[in-house]
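**Q** pasting a predicted model and its sequence here:
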Amino acid sequence: MKTQKIFTAIAIACFILTGCKTEKKEVKTENVSLAISGMTCEIGCAKTIQSKLSKKEGVLDAKVIFNDSIANIEYDANTTSKKDLIAFVDGIAGGELYKASEASHKKAHTCTEDCKEKCEMTADKKECKEDCTMACCADKKA
């Protein structure tokens, strides 16, 4: 009788373990660049928006570039959408400070370490030198 209870308990445990498998949802990754107006500082505004976006359900990665007023967001299209992300940014800080819209398809300017070094960029000076011929500075010149 005792062995029958043990076998029954093992059988129930096996059914529970095999029956509780979670299905993996396929992630449909998409990217969007949002132009954000109303940011006045890098730490209080840009970092706050980036932090809140990173915590939003469906957002896989978020980078807010203060100097360009752009948020580059990688997200799961099964969970959220461009429209939801724009509304989310618009609603940060009570909805009165920031206004987001889909940016043009031009890639935001990001400098490599090599470029920063050759253009003598520092924390205070983030602009490319006038005579810089690096490809990364080409889109920063008029």
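**A** Noted; the coordinates are in hand. On a predicted model such as this, the values are computed, not experimentally measured, just so you know.
**Q** switch to C-alpha atoms for all contacts and neighbour counts from now on
**A** Fine.
**Q** burial count for A103?
**A** 17 (other CA atoms under 10 Å).
**Q** contacts only, for it.
**A** V32, S33, L34, A35, I70 (CA atoms under 8 Å, 6 or more residues apart in numbering).
**Q** closest to V89 among these?
**A** Set against V89, the nearest of these by CA to CA is L34 (9.2 Å).
**Q** and the next element down the chain from the helix or strand hosting the closest one?
**A** Using DSSP states H and E, the element containing L34 is strand 29-37. Using DSSP H and E, the next helix or strand after strand 29-37 towards the C-terminus is helix 48-55.
**Q** buried sites along that following helix?
**A** I49, Q50, L53, S54 (16 or more other CA atoms under 10 Å).
**Q** what is that helix packed up against?
**A** strand 59-65 (3 or more CA pairs under 8 Å, 6 or more residues apart in numbering; DSSP states H and E).
**Q** identify the residues contacting the following helix or strand past the strand it packs on?
**A** Using DSSP H and E, the helix or strand that directly follows strand 59-65 along the chain is strand 70-76. For strand 70-76, the external contacting residues (CA under 8 Å, 6+ apart) are 27-36, 50, 58-65, 81, 103, 108.
**Q** quick check: mean pLDDT of strand 70-76?
**A** Averaged across strand 70-76, the pLDDT comes to 94.
**Q** in it, what counts as buried?
**A** Of the residues in strand 70-76, those buried (16+ other CA under 10 Å) are I70, A71, N72, I73, E74, Y75, D76.
**Q** can I get the residues you listed in CSV with distance to E96?
**A** What follows is these, written out as CSV (distance: CA to CA, whole Å):
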residue, distance to E96
I70, 18
A71, 18
N72, 22
I73, 22
E74, 25
Y75, 25
D76, 27
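**Q** pull the most distant pair out of those residues.
**A** That would be I70 and D76, which, of the buried residues of strand 70-76, are the farthest apart (CA to CA) at 19.3 Å.
**Q** domain assignment for this structure?
**A** 29-102, 109-142 (automatic domain parsing).
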